[in-house]
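Student: predicted model follows, preceded by the sequence.
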Amino acid sequence: MTHHSPRQPALSRRSQGLSGRVRVPGDKSISHRSLMFGGLASGDTRISGLLEGEDVLRTAEAMKAMGALIEQREGTWTVRGTGNGCLMEPAAPLDFGNAGTGVRLTMGLVGTYDMTTRFVGDPSLSKRPMGRVLDPLRRMGVQVPEAGPGDRLPITLKGPKHAVPVTYRVPMASAQVKSAVLLAALNTPGITTVIEPVMTRDHTEKMLQGFGAAIEVETDAEGSRQIRIEGQGKLQGQVIAVPGDPSSCAFPLVAALIVPGSDIVIENVLMNPTRTGLILTLQEMGAEIELLNRRSAGGEDVADLRIRSSELKGVTVPPERAPSMIDEYPVLAVAASFAEGETVMHGLEELRVKESDRLSAVAEGLKANDVDCTEGEASLSVRGRPDGKRLGGGTVATHLDHRIAMAFLVLGLATEKPVTIDDRSMIATSFPEFMDLMRGLGAEIE
């Protein structure tokens, strides 16, 4: 999606029972990291199942601009890395489009190099706060000669001659901030320690260990995780099979729950415990979700999911669950729209600083389609209507946010009246196959 793409509205309407077996694209978090760590390692890294969405492709272009050789052939991506500590200064600004993960992790990756790097992005990304990553980088000696108001893009980083290892306590539950500091530590002498009071997705730690980094993780008496990494070690290329993205899986999963008569299987889904909060919540609501063929692949838990349409009941979702399902709240709100009773979600402050103010965007979209809901400062309450009667008929402002777009197209599959979104073009950032995959299951989306 270019920064000035014309809008492409889309519409979904009440559908008959969904059926079929599908695979969702590779996990976005693991895809970004596969390209970064492969680009930094010695030798070749071979990646199958990579998410070929726009966000991940921006990371690939950034790594190429800094010296990695990356090519794709017959579904396999091969990355020949520069070796740790050997990235080159890019000749032009690194344009990350709408990729929040890509830009924040890459700032960490290159910040401690003795070079100047400029980061730019699209209007949505340029509104998102980057200070949470810049603060620890500054402590490590990184200078920020250019930044937009409030530490937003465009941003220029100038690395130090010799970076300083730090002990950094992450002030919010953010895997991106944790990962940025760990990546900055790779080019920093000595031991850097990241203290994480609330556990977030742990792909960075697992994958760095797999690539050969000297990293260890302990949990202290208070339950905080202490992650210690020794800098300037050697990383070695790996073979990586990327499992299906649970955040993308959430859309066909919820669609099957709310469209009566549905019975689908989603294959090869990542089941990392730091990513399964939505499945746990839906099961508490009464969802029929069966985990089949559970197995381990590349150090990660994977399973096939069988989902059947279910009578859902409202629940209260505790705030401590938010880190394990932060990207899934929009589609959980859609599921709650068809649940009996009230669903209350707490601890949602992080939704305010996603691709859009996701909390407001969800509440506005629900209200536009006559769903009874209340937006709090960091909470959302949804009072459902199981039969979907008198729901729908509205147009949803997507705010350049792919998850808002997909969530509300799912809503329209079970409402009495169709649901329209103002733009579907940004869905390509994370789930290019979404429209075709949903239609293949029987969803009426156009």
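Tutor: Looks like it came in fine.
Student: residue 56 and residue 30 touch, don't they?
Tutor: No - taking contact to mean C-beta atoms under 8 Å, the distance of 9.9 Å between residue 56 and residue 30 leaves them out of contact. (C-beta placed from N, C-alpha, C; glycine too.)
Student: list residues touching both of those two?
Tutor: Residues touching both residue 56 and residue 30 (C-beta atoms under 8 Å, 6 or more residues apart in numbering): there are none.
Student: who's in contact with the residue nearest to residue 218 when sequence neighbours are not counted?
Tutor: Ranked by C-beta to C-beta, 6 or more residues apart in numbering and with sequence neighbours excluded, the top spatial neighbour of residue 218 is residue 226, at 5.0 Å. Counting by C-beta under 8 Å, 6+ apart, residue 226 touches 193, 194, 195, 196, 217, 218, 219, 220.
Student: just put those residues in a markdown table and tack on pLDDT, distance to residue 101 and secondary structure.
Tutor: Formatted as a markdown table, those follow (pLDDT from 0 to 100; distance: C-beta to C-beta, whole Å; DSSP: H, G, I helix; E, B strand; the rest coil):
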| residue | pLDDT | distance to residue 101 | secondary structure |
| --- | --- | --- | --- |
| 193 | 98 | 23 | strand |
| 194 | 98 | 17 | strand |
| 195 | 98 | 21 | strand |
| 196 | 97 | 17 | strand |
| 217 | 97 | 21 | strand |
| 218 | 97 | 26 | strand |
| 219 | 95 | 25 | strand |
| 220 | 92 | 27 | coil |
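Student: neighbour-wise, which of these leads?
Tutor: In terms of neighbour count, residue 194 stands highest of these at 25 neighbours, by other C-beta atoms under 10 Å.
Student: which residues does that one contact?
Tutor: With C-beta under 8 Å, 6+ apart as the criterion, the residues that contact residue 194 are 168, 170, 178, 181, 182, 226, 227, 229.
Student: distance from stretch 100-114 to the middle of the chain?
Tutor: Taking the mean C-alpha point of stretch 100-114 and that of its whole chain, the gap between them comes to 17 Å (C-alpha atoms, centre = their mean, to the nearest Å).
Student: I meant stretch 391-404, not that one.
Tutor: Its chain's C-alpha centre lies 19 Å from the corresponding centre of stretch 391-404 when counted by C-alpha atoms, centre = their mean.
Student: likewise stretch 92-109?
Tutor: For stretch 92-109 - counting by C-alpha atoms, centre = their mean - the centre lies 14 Å from the chain centre.
Student: with stretch 227-243 instead?
Tutor: Taking C-alpha atoms, centre = their mean, one finds stretch 227-243 lying 20 Å from the centre of the chain it belongs to.
Student: ends of it, what's the gap?
Tutor: Counting by C-alpha to C-alpha, to the nearest Å, the length from the leading to the trailing residue of stretch 227-243 is 25 Å.
Student: list the buried ones in it?
Tutor: 227-231, 235-238, 240-243 (16 or more other C-beta atoms under 10 Å).
Student: as TSV, those residues with pLDDT would be great.
Tutor: Converted to TSV, the buried residues of stretch 227-243 look like this (pLDDT from 0 to 100):
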residue	pLDDT
227	98
228	98
229	98
230	98
231	98
235	98
236	98
237	97
238	97
240	96
241	94
242	96
243	97
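Student: in strands, which of these fall?
Tutor: When DSSP state E is applied, the buried residues of stretch 227-243 are split such that 227, 228, 229, 230, 240, 241 fall in strands.
Student: widest-spaced pair of the contacts of residue 194?
Tutor: Comparing every pair within the contacts of residue 194 by C-beta to C-beta identifies 170 and 229 as the most remote, at 14.1 Å.
Student: and the pLDDT for residue 3?
Tutor: In the predicted model, residue 3 carries a pLDDT score of 45.
Student: how far out from the middle of the chain is whichever strand or helix holds residue 248?
Tutor: Assigned by DSSP states H and E, residue 248 belongs to helix 246-258. Using C-alpha atoms, centre = their mean, the mean C-alpha position of helix 246-258 is found 15 Å from that of the whole chain.
Student: pLDDT averaged over it, what's the number?
Tutor: Averaging the model's pLDDT scores along helix 246-258 yields 98.
Student: may I have it as PDB, with CA atoms only?
Tutor: What follows is helix 246-258, C-alpha atoms only, in PDB (Å, rounded to 0.1, in the frame of the first residue of the first chain):
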ATOM      1  CA  PRO A 246      -2.600 -16.700  15.900                       C
ATOM      2  CA  SER A 247      -3.500 -13.100  15.400                       C
ATOM      3  CA  SER A 248      -4.500 -13.800  11.800                       C
ATOM      4  CA  CYS A 249      -6.100 -17.100  12.800                       C
ATOM      5  CA  ALA A 250      -8.400 -15.100  15.100                       C
ATOM      6  CA  PHE A 251     -10.600 -13.800  12.200                       C
ATOM      7  CA  PRO A 252     -11.700 -17.000  10.600                       C
ATOM      8  CA  LEU A 253     -11.900 -18.500  14.100                       C
ATOM      9  CA  VAL A 254     -14.400 -15.900  15.400                       C
ATOM     10  CA  ALA A 255     -16.300 -16.000  12.100                       C
ATOM     11  CA  ALA A 256     -16.900 -19.800  12.500                       C
ATOM     12  CA  LEU A 257     -18.100 -19.200  16.100                       C
ATOM     13  CA  ILE A 258     -20.700 -16.600  15.300                       C
END
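Student: helices or strands next to that helix in the packing?
Tutor: With contacts taken as 3 or more C-beta pairs under 8 Å, 6 or more residues apart in numbering; DSSP states H and E, helix 246-258 sits against strand 263-270, helix 277-284, strand 300-308, helix 329-336, helix 402-411, helix 434-441.
Student: try 6 Å
Tutor: Using 3 or more C-beta pairs under 6 Å, 6 or more residues apart in numbering; DSSP states H and E as the contact test, the elements touching helix 246-258 are strand 263-270, helix 329-336, helix 402-411.
Student: of these, which is nearest residue 38?
Tutor: Nearest to residue 38 among the helices and strands packed on helix 246-258 is strand 263-270 (18.7 Å), distances taken as C-beta to C-beta.
Student: by how many degrees do the closest one and helix 434-441 diverge?
Tutor: Between strand 263-270 and helix 434-441, the angle comes out at 140 degrees (axes from the mean of the first three to the mean of the last three C-alpha atoms, to 10 degrees).
Student: how big is the angle separating strand 263-270 from helix 277-284?
Tutor: Taking the same axes, to 10 degrees, one finds strand 263-270 and helix 277-284 inclined to each other by 140 degrees.
Student: put the alpha carbons of strand 263-270 into PDB.
Tutor: Provided in PDB are the C-alpha atoms of strand 263-270 (Å, rounded to 0.1, in the frame of the first residue of the first chain):
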ATOM      1  CA  ASP A 263     -17.400 -26.200  11.200                       C
ATOM      2  CA  ILE A 264     -13.900 -25.400  10.100                       C
ATOM      3  CA  VAL A 265     -10.300 -26.500  10.700                       C
ATOM      4  CA  ILE A 266      -7.400 -24.000  10.800                       C
ATOM      5  CA  GLU A 267      -4.100 -25.900  10.400                       C
ATOM      6  CA  ASN A 268      -0.600 -25.300  11.800                       C
ATOM      7  CA  VAL A 269      -1.300 -22.400  14.300                       C
ATOM      8  CA  LEU A 270       1.300 -21.200  16.700                       C
END
